[in-house]
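1. Curious how this folds, go ahead:
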Amino acid sequence: MAAGGFCKLPNGRVVVALNLPSPATGDGSSAVRVLVHAHNRARALTRLRNLGMRAVYLRGNAAPPTPDEITAVLHHPDGLIWRTAPDNGVTPLELWRPIRSLLPRPTAA
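-> As a prediction, the model looks like this:
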């Protein structure tokens, strides 16, 4: 899934939205919509790569963030949130969650 896009804000910062396979399942059977608020597109993608999502790319602007998504990420302290990706254009009725709730926790050695 390569659906994603960005929106440049009046202050020069950007909000990037990406539909990605869920790292929690690992099999690609479910998808998540991830929103990142950053200084520019490159920094937004770097934030995701630093969290272990190595194969994250933004090609084009086919699915930019909606105004509601922009508001949600701007009001989150981390500026990095997710929820399940919409199926067939239907927006899910679930809340946005912090990215740390999506990523698998490291096991203690």
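
2. State the mean pLDDT of stretch 13-29.
-> For stretch 13-29, mean pLDDT rounds to 78.

3. same check, this time on stretch 55-63
-> 86.

4. who's in contact with that stretch?
-> If you take Cβ atoms under 8 Å, 6 or more residues apart in numbering as the criterion, stretch 55-63 is touched by 2-6, 16-20, 41, 44-45, 48-49. Heads up, the C-betas are built off the backbone N, CA and C, glycines and all.

5. Try it again at 7 Å.
-> Here stretch 55-63 makes contact (Cβ atoms under 7 Å, 6 or more residues apart in numbering) with 2-6, 16-20, 41, 45, 48-49.

6. Pipe those into CSV and attach distance to residue 72 per row.
-> Formatted as CSV, the contacts of stretch 55-63 follow (distance: Cβ to Cβ, whole Å):
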residue, distance to residue 72
2, 22
3, 18
4, 16
5, 16
6, 15
16, 13
17, 10
18, 15
19, 16
20, 17
41, 19
45, 19
48, 17
49, 22
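
7. Now list the buried members of the residues you listed.
-> 3, 4, 5, 6, 16, 17, 18, 19, 20, 45, 48 (16 or more other Cβ atoms under 10 Å).

8. Which pLDDT value belongs to the last one?
-> Put plainly, it is residue 48. 89.

9. Taking the centroid of the protein, which residue is nearest it?
-> A centroid search over the chain (Cα atoms, centre = their mean) returns residue 34, at 1.5 Å, as the residue closest to the centre.

10. which residues sit in contact with that one?
-> Counted by Cβ under 7 Å, 6+ apart, residue 34 has contacts 18, 20, 48, 82.
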